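In: just to be clear, the model below is a prediction. Sequence and coordinates:
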Amino acid sequence: MPELPEVETIRREMKNVLLGQTIRKIEISERRLRTLIPLGFEQDLENLTISSVGRRAKYILTGFEKTSLTLVIHLGMSGRVFLPLPSSHHHPPERQKHEHVIFTFDSGQQMRFFDPRRFGSMTLGLTPESLFQGVGPEPLSEEFDATILKAALFNKKTSIKAALLDQRVVAGLGNIYVCEALHMARIHPERLAKDLVPDEHSALVIAIKDVLHKAIAAGGSTLRDYKRTDCEAGAFQHHFKVYNQRGKNCPSCHENAIERIRQSGRSTYFCKSCQSYDNPFDSKMISEVWQVKKS
Ligand SMILES: [Zn+2]
């Protein structure tokens with residue numbers, strides 16, 4: 001499932017290609033996505049010119065000139081946005097199976113929405129803010145700091161792993177990046193969220209931002225379905241330290257094999273040596289995080 005770095009990669013690529021482009025035509029072959037694409041969707045959007053492509057949590061928010069309408073796209077489990085290169089000499093490629101929506105712009109550029117499992121969605125809203133009531137801060141924003149994280153974890157009796165997957169605590173994180181950030185911050189995934197100490201809040205915030213920045217720079221992680229807008233895979237899966245690495249030697253301590261446990265029905269990967277439960281906080285142990293902070 002795409003997490004924040006994958007959605008952010010798609011957003012940036014959409015912005016690069018589509019800003020200033022005017023929608024000429026929209027063809028829909030399947031309206032039954034996670035929510036129904038509303039009737040009149042095509043008519044509402046035709047002839048509008050794209051003025052912004054933003055993101056909140058895992059939603060891509062496309063704005064237009066001279067209207068407050070926002071196109072809200074969610075990739076769900078297997079959704080992809082494909083931006084085939086326009087060519088004056090060739091017709092656009094044939095519609096592929098599972099390409100449910102095709103936008104054609106005045107320039108001939110297309111945007112195709114492909115989603116075999118149809119958990120994605122494409123809707124129009126006047127006030128997308130209402131979608132995000134109760135959603136936690138953006139992890140890459142300045143707003144997300146140790147104080148905010150400490151407040152969000154106050155009295156939380158769940159594991160820190162579960163707490164970070166809770167979108168009310170912080171937006172857009174999923175299993176991959178939570179495992180990687182906890183490893184970098186040297187926090188055992190089964191520690192209770194409420195028991196973290198202030199230095200751990202700081203370490204975790206630095207680790208989350210660092211892991212996300214590196215993943216975005218690599219174009220996200222491709223495990224199964226995710227592809228970039230040119231159909232290429234992301235590359236961050238080659239840089240995982242713990243996620244999906246069970247049995248491999250920990251690349252940080254070289255002392256221990258990465259282990260996998262189940263938490264709330266999902267796999268958690270961690271290193272027992274780097275992420276000690278019994279002797280959790282040791283300022284020397286989080287040197288990797290402090291190095292990132294200094295750089
Ligand atoms: Zn280790």
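Out: Arrived safely, thanks for sending. Residues are numbered from 1 along each chain as shown.
In: now Ala181: which helix or strand?
Out: Using DSSP states H and E, Ala181 falls within helix 175-185.
In: ok and the residue in the stretch 101-250 of the chain nearest the ion?
Out: Closest approach of the stretch 101-250 of the chain to the ion (CB to the ion) occurs at Cys250, with a separation of 3.0 Å. In this view, the C-beta of every residue, glycine as well, is placed from N, C-alpha and C.
In: now do the same contact list for that residue.
Out: Residues in contact with Cys250 (CB atoms under 8 Å, 6 or more residues apart in numbering) are Lys241, Val242, Asn256, Ala257, Ile258, Cys271, Ser273, Cys274.
In: so Lys156 sits against Lys194, correct?
Out: Yes. Taking CB atoms under 8 Å as the definition, Lys156 is a contact partner of Lys194 at 5.2 Å.
In: which of the two has more neighbours?
Out: Lys156 (17 against 13; other CB atoms under 10 Å).
In: all helices of the stretch 101-250 of the chain, in order?
Out: With DSSP state H, counting those that start in this stretch as the criterion, the stretch 101-250 of the chain has helices at 146-153, 160-165, 175-185, 198-217.
In: deepest of those helices, which one?
Out: For these, the largest average neighbour count (mean count of other CB atoms under 10 Å) is found in helix 175-185, namely a mean of 25.
In: pull the residues that contact it.
Out: Residues outside helix 175-185 that contact it (CB under 8 Å, 6+ apart) are 3-5, 160-161, 164-165, 173, 188-189, 200, 203-204, 206-208, 210-212, 215, 221, 223, 240-243, 252, 266-271, 274-275, 286, 288-289.
In: with stretch 114-128 instead?
Out: With CB under 8 Å, 6+ apart, stretch 114-128 has contacts from 30, 32-35, 37-38, 41, 44-45, 56, 59, 61, 68-82, 96-101, 113, 131, 225.
In: hey, where'd the strands end up in this protein?
Out: Using DSSP state E, the strands found in the chain span residues 23-28, 50-56, 59-64, 70-74, 80-82, 99-105, 110-114, 121-125, 259-263, 266-270.
In: just the angle for the last one relative to strand 259-263, thanks.
Out: Between strand 266-270 and strand 259-263, the angle comes out at 140 degrees (axes from the mean of the first three to the mean of the last three CA atoms, to 10 degrees).
In: how about strand 266-270: buried residues?
Out: Across strand 266-270, burial judged by 16 or more other CB atoms under 10 Å covers Thr268, Tyr269, Phe270.
In: from those, which is closest to the ion?
Out: Here the nearest of the buried residues of strand 266-270 to the ion, counting by CB to the ion, is Phe270; it sits at 8.6 Å.
In: can you pull the contacts of the closest one?
Out: Cys179, Leu182, His183, His188, Pro189, Val242, Ile258, Glu259, Ile261.
In: show me what it is bridged to.
Out: On the basis of DSSP bridges, Phe270 is bridged to Glu259.
In: can you report phi and psi for Thr158?
Out: Main-chain torsions, Thr158, degrees, to the nearest 10: phi -90, psi 170.
In: contact partners for the residue nearest to it when sequence neighbours are not counted?
Out: Closest residue to Thr158 apart from its sequence neighbours, by CB to CB, 6 or more residues apart in numbering: Ala193 at 5.7 Å. By CB under 8 Å, 6+ apart, Ala193 lies in contact with Leu153, Lys156, Lys157, Thr158, Ser159, Ile160, Ala162, Ala163.
In: rerun at 7 Å
Out: Neighbouring residues of Ala193 by CB atoms under 7 Å, 6 or more residues apart in numbering: Leu153, Lys156, Thr158, Ser159, Ile160, Ala163.
In: and the residue nearest to Ile26 when sequence neighbours are not counted, how many neighbours?
Out: With sequence-adjacent residues excluded and distances taken as CB to CB, 6+ apart, Ile26 is closest to Glu42, at 4.1 Å. Neighbours of Glu42 under the rule other CB under 10 Å: 16.
In: from the ion, how far out is the closest residue to Gly247 other than its chain neighbours?
Out: Leaving aside its chain neighbours, Gly247 sits nearest to Ala257 (5.4 Å; criterion: CB to CB, 6+ apart). Distance of Ala257 to the ion, given as CB to the ion, to the nearest Å: 9 Å.
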